[in-house]
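> need a structure here:
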Amino acid sequence: MGTAIAPVSCPLDNYLVLPDNSLDDRIQAAKRKVGAECIILGHHYQRDEVIKFADFRGDSYRLAKAASESKGRYIIFCGVHFMAESADVLGRDGQVVILPDLNAGCSMADMAEITQVETAWEHFIRAGITDDKGTGVTPITYVNSTAAIKAFVGERGGLVCTSSNASGAYAWATARNEKVFFLPDQHLGRNTGYAKGIPLNEMVVWDPYMLNGGLTNDQLKRAKVILWKGHCSVHQRFLPEHIERMRADYPGIQIVAHPECRWEVCQKADATGSTDFIIKFVKAAPKGAAIAIGTEMHLVHRLATENPDKTVLSLDDNGCLCTTMYRISPQHLCWALENLVDGNIVNQIKVKPKVKHWAKVALDRMLEVR
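So this is what the prediction gives:
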């Protein structure tokens, strides 16, 4: 298989007009041709028509580990942009990361722009709660963030976390400083902090669109956790009344919620945990159990299919799919693979060297913390 970047032999538009199920054989054939040189990673929120081709599937944490351990020359990442960036940061020299659709982003990651974060940190310095190196405040960024923000955090003594290891990240951060700056998901930050024994009145929310974040210097000085005003558009849709209605309709039902859900939802749930935790929770439930899940609908539907001996439901009948994850289609995957067979690299994700260095520091810390 050639390695030089050559002109794309067939435009993407030629693929997008083809029905999903007409591409299965072509995708499998292309996978056989590229062989062990290429690994396909698939996030749990991907549609079934795509994730069935993944060599490895997982949540953000498991996929980050898989990327760091991959021996193949090419990684096709069926996920979103920040995940592909992390794979490039953690990958070996010469390894190529491909995102089948460059429009597959993350609305939460977009809620924290690097210049906004830099402005917030400069205000923290002026307020006297930290210095530029992070003496006073330990920054933690959720993996759902840009490589630039991961680098910002790494350079200031902080780390990246996922929903799988957010508790460990808090313990790591608070061992270094009493204060934590958590971004961009306020709900994961609040839920994790509360579970670690930090009361809600010791957490404040920094709003990047308000003067001084909408906070006084005194509020910043008294706070143990400064949360960024960001959220997951899917998980924030779940409300406490959804749990109340589900319990009324299905007496004895178990409720499990992702920690990106609102604090009020997580408090009412029977269990809260990462995508990987939710999968294990459903698998471990006894036959005949009824479980309602507060997370992305593709995963919920897949769990219902894979556990026919149980009743697996979405916490909200009108549950939302992750529209940016949904952008990756069989057509995009086939296009990327067949071009790779022809020696063409499309949609390569490449992080700038300076950003990559500090982002890797933050991501390596993430992989060391449980």
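
> could you find the closest non-adjacent residue to T272?
C266 (4.6 Å; Cβ to Cβ, 6 or more residues apart in numbering). (Each C-beta comes from the backbone N, C-alpha and C, glycine too.)

> other SSEs contacting the one helix or strand that neighbour maps to?
Using DSSP states H and E, C266 sits in helix 263-268. Here helix 263-268 is seen to pack against helix 186-195, helix 240-249, strand 254-257 when contacts are counted using 3 or more Cβ pairs under 8 Å, 6 or more residues apart in numbering; DSSP states H and E.

> for H231, see how far away the residue nearest to T272 is.
For C266, the distance to H231 equals 13 Å [Cβ to Cβ, to the nearest Å].

> joint contacts of the two?
Residues touching both C266 and H231 by Cβ atoms under 8 Å, 6 or more residues apart in numbering: H187.

> looking at those two, which has the bigger crowd around it?
C266 (27 against 20; other Cβ atoms under 10 Å).

> what's the spacing between I140 and G157?
11 Å.

> neighbour-wise, which of the two wins?
I140 (26 against 19).

> could you give the bridge partners of the more buried one?
L159, F182 (DSSP bridges).

> now do the contacts for it.
153, 158-161, 166, 169-170, 173, 180-183, 189.

> pLDDT below threshold where in the chain?
Within the chain, the stretches with pLDDT under 70 are 1-9, 319.

> how is it carved up into domains?
Domain ranges of the chain: 13-103+325-354, 109-232, 235-314, per automatic domain parsing.

> would you turn those into a markdown table with distance to E368?
Formatted as a markdown table, these follow (distance: least, Cβ to Cβ, whole Å):
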| stretch | distance to E368 |
| --- | --- |
| domain 13-103+325-354 | 11 |
| domain 109-232 | 9 |
| domain 235-314 | 17 |
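
> nearest to A362, of those domains?
domain 109-232 (3.3 Å; Cβ to Cβ).

> for the spatially most central residue of the chain, what are its contacts?
Per Cα atoms, centre = their mean, the C-alpha nearest to the average position across the chain is that of N144, at 4.4 Å. Each residue near N144 by Cβ under 8 Å, 6+ apart is listed here: S60, F82, C106, M108, A109, P184, D185, C232.

> chain center to stretch 247-254: distance?
Remark: stretch 247-254 is offset 30 Å from the chain centroid, using Cα atoms, centre = their mean, to the nearest Å.

> try stretch 314-330
14 Å.

> tell me the buried residues in that stretch?
Buried residues in stretch 314-330, counting neighbours by 16 or more other Cβ atoms under 10 Å, are found at 314-316, 319-322, 324-330.

> cool, and stretch 273-293?
273-279, 281-282, 285, 289-293.

> run through the bridge partners of the closest residue to V96 other than its chain neighbours.
Counting by Cβ to Cβ, 6+ apart, V96 lies nearest to Y74, which is 5.1 Å off, once chain neighbours are set aside. Judged by DSSP bridges, the bridge partners of Y74 are C38, V96.

> contacting residues for Y74?
V34, E37, C38, I39, Q95, V96, V97, I98, L340, I345.

> swap the cut-off to 6 Å and go again
Contacts for Y74 (Cβ atoms under 6 Å, 6 or more residues apart in numbering) come out as E37, C38, V96.

> just the buried residues from those, in ChimeraX please.
Applying 16+ other Cβ under 10 Å to the contacts of Y74, the buried members can be selected in ChimeraX as follows:
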select :38,96
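
> contact partners for I293?
By Cβ under 6 Å, 6+ apart, the neighbours of I293 are V256, V300.

> tell me how far the residue nearest to T272 lies from V256.
For C266 relative to V256 (Cβ to Cβ), the value is 10 Å.

> same check on R73?
39 Å.

> likewise for E69?
Look at E69 and V256: by Cβ to Cβ, they are 29 Å apart.

> same question, V300
Per Cβ to Cβ, V300 is found 10 Å from V256.

> one more: K350?
Where V256 is concerned, K350 sits at a distance of 38 Å (Cβ to Cβ).

> tell me which of the two has more neighbours.
Between K350 and V256, V256 has the larger neighbour count (other Cβ under 10 Å), namely 20 against 11.

> surely that one touches K268?
No: contact criterion Cβ atoms under 6 Å: V256 and K268 do not qualify, at 11.4 Å.

> give me the common contacts of those two.
What both V256 and K268 touch, as defined by Cβ under 6 Å, 6+ apart, is an empty set.

> from what I can see G79 touches G42, true?
No: using Cβ under 6 Å, G79 makes no contact with G42, being 7.3 Å away.

> select the longest helix from this structure.
The residue-count maximum for a helix in the chain (DSSP state H) belongs to helix 353-368.

> what about A304, how many residues close to it?
17.

> what sits against the nearest residue to it once chain neighbours are set aside?
Of all residues beyond its chain neighbours, the one nearest A304 is V312 (3.9 Å), with distances taken as Cβ to Cβ, 6+ apart. Listed by Cβ under 6 Å, 6+ apart, the contact set of V312 reads I291, L303, A304.

> related to what we said a few turns ago, got the CA positions of the longest helix of the chain in CSV?
Once non-C-alpha atoms are left out, helix 353-368 reads as follows in CSV (Å, rounded to 0.1, in the frame of the first residue of the first chain):
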residue,chain,number,x,y,z
PRO,A,353,4.2,20.4,17.8
LYS,A,354,4.2,23.0,20.6
VAL,A,355,0.5,22.3,21.4
LYS,A,356,1.2,18.5,21.1
HIS,A,357,4.0,18.6,23.7
TRP,A,358,1.9,20.1,26.6
ALA,A,359,-1.3,18.4,25.6
LYS,A,360,0.6,15.1,25.8
VAL,A,361,1.8,16.0,29.3
ALA,A,362,-1.8,16.5,30.4
LEU,A,363,-3.1,13.4,28.6
ASP,A,364,-0.3,11.2,30.0
ARG,A,365,-1.3,12.4,33.5
MET,A,366,-4.9,11.3,32.7
LEU,A,367,-3.7,7.8,31.7
GLU,A,368,-1.8,7.5,34.9
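
> great, nothing more from me.
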